[in-house]
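*Asks:* Build me a model:
(chains A, B and C)
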Amino acid sequence: MQLNERQQRAVDQIACPVLVLAGAGSGKTSVITEKIIHLIKNCHYAPDNIAAVTFTNKAAKEMQQRLRSLLGPDLGDKIRTSTFHTLGMAILRKDIGRVNRSHHFSIFDEQDSLQVLNDLTERQIKGDKGLLYELKNRISFCKSEGIKPKQLRSSASNQQQQFDAHIYQAYQDHMELCNALDFDDLISLPVELLNEHQDIRSHWQNQIRYLLVDEYQDTNQAQYQMVKLLAGPDPKITVVGDDDQSIYAWRGAKPENLQQLQEDFPTLEVVKLEQNYRCCQRVLKVANHLIANNPHIFEKQLWSQHQQGEQIRIIENDDEEHEADFVVADLVSQRISGRLKYSDFAILYRGNHQAKLFEKALIKHGIPYQISGGMSFFARAEIRDLMAYFRLIANPDDDAACIRVINVPRRSIGAKTLQVLAQAGRDNKQSLFKSCKNSHNIANLGARAQTAINDFTQLIEQARASTQFDVDKFLIELGYDHWLMETSSSPKVAEGRWNNVQELCRWIKDGLAQSDSPDLAEVVNQLLIRDLQQQEEDSDSVQLLTLHAAKGLEYSQVYMVGMEEDLLPHRSSIEEDNIEEERRLCYVGITRAKHGLVMTLAKKRRRFGEVSATEPSRFLEELPQEEIDWPDQAGPISEEEQQDKNQFYRDQLAALLKG
DNA sequence: ACGCGCCGAATTTTT
DNA sequence: TTCGGCGCGT
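*Replies:* Got it, this is the predicted structure:
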């Protein structure tokens, strides 16, 4: 791999902490992998003393594969490439006892956490998704900052903080009772352990002698603390980030952490990577011009040796349906004239709901597409159901799991019975499942309910008792296939769901077979913080994704759709005066394009069923007008012309698809 | 306990 | 427009 001068500098400098400011497409992954190779080959680092931390499993996996192919499996696989959460779990595993949990703990995902908060709150907040989410964010923030419920209570300066402290405490108590951790805990608890225990700290500092961190602009406070604690007194670290691609601040990411590095590590050397290897000149110029409207801590100017490229097109359509028709028609013609594959095209949008129309248009013309984002594998009802069963079998105190599955498939255990059980649980400070086991001691339970509960507990206990958990046998006992048929709208849908179930079971079986001591809890937790991606990647299909999901990816031809005020920038960001992050989002979208970039908008659009006029995104005016082709369509066009245009797209498509 | 129907709300989401 | 949550009726 031939590195440029700056990249080489970032690789070679190991005497002091290094911050690599890596612009879009500047080859940061190469820097990380080459640096690891340099550390091993030239600096005598043992591979298992090097850790590369990323945010996504996908990125971690990619890096692992790259190292494997560069160093060979025997060296490459020894390097710890993980996400913050995986690393957190590794740190917790040994010392889980010190954080009031036991070995078979469960991980609660966001929905589980929200459900817990919902159960802990009263009317007004109860049931209000938005408010619950805000509450959860505030608790997350506390965890990130290392603030405990008691500290929050004593420092509370207003009523909301007092309220938060109360809920926070109840939430933590409940999590402890359930022997559960949330995603935040997987970072904040390791930080606490590293911070407070000299033995743990030195163990990990000794274990990880060189630390590399990717996407640093996305770290939150807790993750930064983790980096600092692992780096230790003689920091051997390289972090890579780009403040212009910080698009997760709304989720607690602190791009200021980039700046903070300079203060915390006075010897820090900053290396800027400004040569872009991805985009053609025009795309880059447009991107630079746009992002220049944002304030910068570190100035940088991306440049490219690639060819000029074509002008960036901006296409105004009459409404969102025309927009979709246009994009599909244009895409098809570009594919043929440019001899491109479907997978060279991406359609990027701000919100998932925008995908629908494009999906419809693509289906209409039989064009293969793949939609990423939206419903993740783990968000699917059938997967959540089964994961809940597995969690409950591994950890009977997992109330969230218990609530989810106690009446799925139907066992006639309804709200009333559940309420009685929950009350018994609170009275005795025990989990729901324990209450179920002791149901004969609970008054107010009818005979029918008793029987139903007994059947349920027996099912779970039986699975628990077996020395080797047999997934297939369990599914049959459960009758989950029948349940899917009953509850799905069509046999087709049921089949799809059943396939998902099969997929999950394969992973569970694999996990159980792989580990030397089969442990269901371990396998389930690993799965939850990994991510099953179904193997559909090789098919040649148009990619539909949100701007957020597009970060880190690149496509030959990019369509950025819905370039309108209230969509991009999104309305709520306008209201909260948070335009800069939206501008970065736009910047991320533009810099995904290698050659062609088309931005589209609709002059009117249905919002909540109402048709209303739209306004072009302010970002369009921030682009260098000489580089863009923006046909000025004067005034609204008539119904007739609209029909003509529609017909035109149809004809064009029909001709192209035939040829 | 369950199912239907009405009403109200609708960014982004690495783990 | 579509989806999900809640409440009422069976």
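
*Asks:* Can you give me the end-to-end span of stretch A:137-153?
*Replies:* From its first residue to its last, stretch A:137-153 covers 17 Å (C-alpha to C-alpha, to the nearest Å).

*Asks:* ugh, wrong one, stretch A:252-259
*Replies:* Length of stretch A:252-259, first residue to last, C-alpha to C-alpha: 16 Å.

*Asks:* Is DNA strand B within reach of that stretch?
*Replies:* Yes - counting by C-beta under 7 Å from any atom of the strand, DNA strand B has neighbours in stretch A:252-259: A:Ala253. Bear in mind the C-beta positions are built from the backbone N, C-alpha and C, glycine included.

*Asks:* Please work out which residues outside that stretch touch it.
*Replies:* The contact list for stretch A:252-259, computed with C-beta atoms under 8 Å, 6 or more residues apart in numbering, reads A:19, A:21, A:137, A:140-141, A:144, A:216-221, A:224, A:241, A:243, A:246, A:249, A:260, A:297-298.

*Asks:* please redo it, this time with the cut-off set to 10 Å
*Replies:* With contacts defined as C-beta atoms under 10 Å, 6 or more residues apart in numbering, stretch A:252-259 is touched by A:19, A:21, A:55, A:137, A:140-141, A:143-144, A:184, A:215-224, A:227, A:239, A:241-249, A:260, A:264, A:270, A:297-298, A:581, A:584.

*Asks:* A:Glu321 contacts A:Val611, correct?
*Replies:* No - applying C-beta atoms under 10 Å, one finds A:Glu321 not in contact with A:Val611, separated by 11.3 Å.

*Asks:* Counting neighbours, go ahead and name the busier of these two.
*Replies:* For the pair A:Glu321 and A:Val611, the greater number of neighbours falls to A:Glu321 (17 against 10), based on other C-beta atoms under 10 Å.

*Asks:* quick one: the more buried one and A:Val598, what's the gap?
*Replies:* Remark: distance between A:Glu321 and A:Val598 (C-beta to C-beta, to the nearest Å) = 17 Å.

*Asks:* Next, count neighbours for the residue of the stretch 501-650 of chain A found nearest DNA strand C.
*Replies:* Residue of the stretch 501-650 of chain A nearest DNA strand C, by C-beta to the nearest atom of the strand: A:Gly609 (2.5 Å). Residues within reach of A:Gly609, counting by other C-beta under 10 Å, total 5.

*Asks:* now it: how far from A:Lys603?
*Replies:* 18 Å.

*Asks:* just A:Ala361 next, same as before
*Replies:* Here the criterion is C-beta to C-beta. By it, A:Ala361 lies 18 Å from A:Lys603.

*Asks:* and if you look at A:Phe358?
*Replies:* For A:Phe358, the distance to A:Lys603 - C-beta to C-beta - is 18 Å.

*Asks:* who has more neighbours, the two?
*Replies:* Neighbour totals were compared for A:Phe358 and A:Lys603, and A:Phe358 leads with 24 against 20 (other C-beta under 10 Å).

*Asks:* Can you mark which positions in the host helix or strand of that one are buried?
*Replies:* Under the criterion of DSSP states H and E, A:Phe358 resides in helix A:355-364. Going by neighbour count (16 or more other C-beta atoms under 10 Å), the buried part of helix A:355-364 is A:355, A:357-358, A:361-362.

*Asks:* Show me the two of these that sit farthest apart.
*Replies:* The largest separation in the buried residues of helix A:355-364, counting by C-beta to C-beta, is between A:Ala355 and A:Ala361 at 10.7 Å.

*Asks:* How many residues are close by A:Gly366?
*Replies:* When neighbours are defined as other C-beta under 10 Å, A:Gly366 has 7 of them.

*Asks:* give the contact list for it.
*Replies:* Counting by C-beta under 10 Å, 6+ apart, A:Gly366 has contacts A:Leu657.

*Asks:* Against A:Phe84, how distant is it?
*Replies:* Look at A:Gly366 and A:Phe84: by C-beta to C-beta, they are 42 Å apart.

*Asks:* re the thing from before, quick one: buried ones out of the contacts of stretch A:252-259?
*Replies:* Among the contacts of stretch A:252-259, those scoring as buried are A:19, A:21, A:55, A:140-141, A:143-144, A:184, A:215-224, A:227, A:239, A:241-249, A:581, A:584 (criterion: 16+ other C-beta under 10 Å).

*Asks:* I'd like to know how many residues surround whichever residue of chain A sits closest to DNA strand B.
*Replies:* Closest to DNA strand B within chain A is A:Gly414: 2.3 Å, counting by C-beta to the nearest atom of the strand. Per other C-beta under 10 Å, the neighbour tally for A:Gly414 reads 13.

*Asks:* Over to A:Arg592?
*Replies:* 27.

*Asks:* And for A:Pro255?
*Replies:* The local packing of A:Pro255 (other C-beta under 10 Å) involves 23 other residues.

*Asks:* wait, what's in contact with the residue nearest to it when sequence neighbours are not counted?
*Replies:* Among residues not flanking A:Pro255 along the chain, A:Ser246 sits closest, at 3.8 Å (C-beta to C-beta, 6 or more residues apart in numbering). Counting by C-beta under 10 Å, 6+ apart, A:Ser246 makes contact with A:215-218, A:253-258, A:580-581, A:584-585, A:588.

*Asks:* do that again at 7 Å, thanks
*Replies:* By C-beta atoms under 7 Å, 6 or more residues apart in numbering, A:Ser246 lies in contact with A:217-218, A:253, A:255, A:584.
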